[in-house]
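Trainee: generate coordinates for the sequence data below:
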Amino acid sequence: VAGLGNYGMRGTRHSVGMEVLDRLARQLAVAEGWRVDRRCCADVALATAHGLELVLLKPRRFMNLNGLSVASAAEIYSLGPEDIYLVHDDLDKALGKVAIKLGGSARGHNGVQSCINALHSNEMTRLRVGIGRP
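Mentor: Take a look at the predicted model:
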């Protein structure tokens, strides 16, 4: 589960994916388990939920390069694009509204496009979190 955003810009609308992952880590009781993984240039926490092993990932790159971290983590943890969930902001959704998208285009989102390019696939599931337009 990759929370897309601009690392170091906590609290901004475009880093909502990372905020969602912080919340998920707290709910899964692994919030103290975040560690820097230099192999994929990301903060990583490992968790288990409903019998599934999860890799939580917050890339330490700018949004338009998030895919490099996601692709590196996919290789390290032997994951295919279909195993990856991207959590990211969506300007076209009202603030707080969420939607799940299975594959398809990036719809103009630079972080998602970066993941599609780096993984050579658009099969990732996306959790789109509405941030609305300013």
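Trainee: and the closest residue to Cys115 other than its chain neighbours, how many residues sit next to it?
Mentor: Distances taken as C-beta to C-beta, 6 or more residues apart in numbering put Gly67 closest to Cys115, at 4.0 Å, once the chain neighbours are dropped. All C-beta atoms are positioned from the backbone trio N, CA, C, and that covers glycine. Residue crowding around Gly67 was assessed by other C-beta atoms under 10 Å; the count is 26.
Trainee: for Leu86, see how far away Gly67 is.
Mentor: Per C-beta to C-beta, to the nearest Å, Gly67 is found 9 Å from Leu86.
Trainee: any common contacting residues for those two?
Mentor: By the contact definition C-beta atoms under 8 Å, 6 or more residues apart in numbering, Gly67 and Leu86 are jointly contacted by 111, 115.
Trainee: name the helices or strands packed onto whatever helix or strand Leu56 lives in?
Mentor: Per DSSP states H and E, Leu56 falls inside strand 52-59. Contacts defined by 3 or more C-beta pairs under 8 Å, 6 or more residues apart in numbering; DSSP states H and E place strand 52-59 against strand 2-3, helix 16-27, strand 42-49, helix 66-76.
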